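>>> Sequence and predicted structure below; questions after.
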Amino acid sequence: MRNLAILVTILIIIAMCHAFLSRKIPAQAEGCVEERCGTLCGYEDQKLFPGNSLTVYRDLTCLQMICTDDFHVRFEPCPYDASGRCHFENYDRNLTWPDCCGIKVCM
């Protein structure tokens, strides 16, 4: 029973972290990307139009930054394995998301 409680606690923590990283942030701005101008998502020094995404790097991981139709940005983290049997190796900042996350290695 104790192992089940520990597993449930770990899964709750993982879900909370995923929800935190996947939250939507208001980012409506005006600007231009290449030759296209108009209302877009502006976050830090990045600009993109709704429906577009780009790879951003934070700490030791990469994220997919997505501009939603309501001008919010949402971040998708690298995939993870809740069972703990797999991990990712060979993180590569030269690749786009999700390839930059590395190679999934399972024991």
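That came in fine, so what should we check first?

>>> C-alpha from now on. contacts and neighbour counts both.
OK.

>>> What is the least confident helix or strand in the chain?
Here the helix or strand of the chain ranked lowest by mean pLDDT, DSSP states H and E is helix 2-21, holding a mean of 62.

>>> Tell me which helix or strand comes right after that one.
Counting by DSSP states H and E, the next helix or strand C-terminal to helix 2-21 is strand 24-26.

>>> What strands line up against that next one, and which way round?
Strand 24-26 has the following strand partners under DSSP bridges: strand 72-76 (antiparallel).

>>> How far off centre is the partner strand?
A distance of 7 Å separates the centroid of the chain from that of strand 72-76, by Cα atoms, centre = their mean, to the nearest Å.

>>> pull the CA atoms of it into PDB?
What follows is strand 72-76, C-alpha atoms only, in PDB (Å, rounded to 0.1, in the frame of the first residue of the first chain):
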ATOM      1  CA  HIS A  72      -1.200  33.200 -26.000                       C
ATOM      2  CA  VAL A  73       2.100  31.200 -26.000                       C
ATOM      3  CA  ARG A  74       2.100  27.700 -24.700                       C
ATOM      4  CA  PHE A  75       5.200  25.600 -24.000                       C
ATOM      5  CA  GLU A  76       5.500  21.900 -24.700                       C
END
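
>>> Show the end-to-end separation of stretch 75-87, please.
Taking Cα to Cα, to the nearest Å, stretch 75-87 runs 20 Å from one end to the other.

>>> Against M65, how distant is G42?
Counting by Cα to Cα, the gap between G42 and M65 amounts to 11 Å.

>>> just for this structure, where's the confidence low?
4-5, 7-9, 11-22 (pLDDT under 70).

>>> what residue is smack in the middle of it?
Geometric centre of the chain, nearest residue: E76, 2.2 Å, by Cα atoms, centre = their mean.

>>> what sits against the closest residue to that one other than its chain neighbours?
Distance criterion Cα to Cα, 6 or more residues apart in numbering; nearest residue to E76, sequence neighbours excluded, is Q64 at 5.0 Å. The contact partners of Q64, by Cα atoms under 8 Å, 6 or more residues apart in numbering, come to S53, L54, T55, V56, F75, E76, P77, W97, P98.

>>> so which of these comes closest to I6?
For the contacts of Q64, the residue nearest I6 by Cα to Cα is P77; the value is 23.9 Å.
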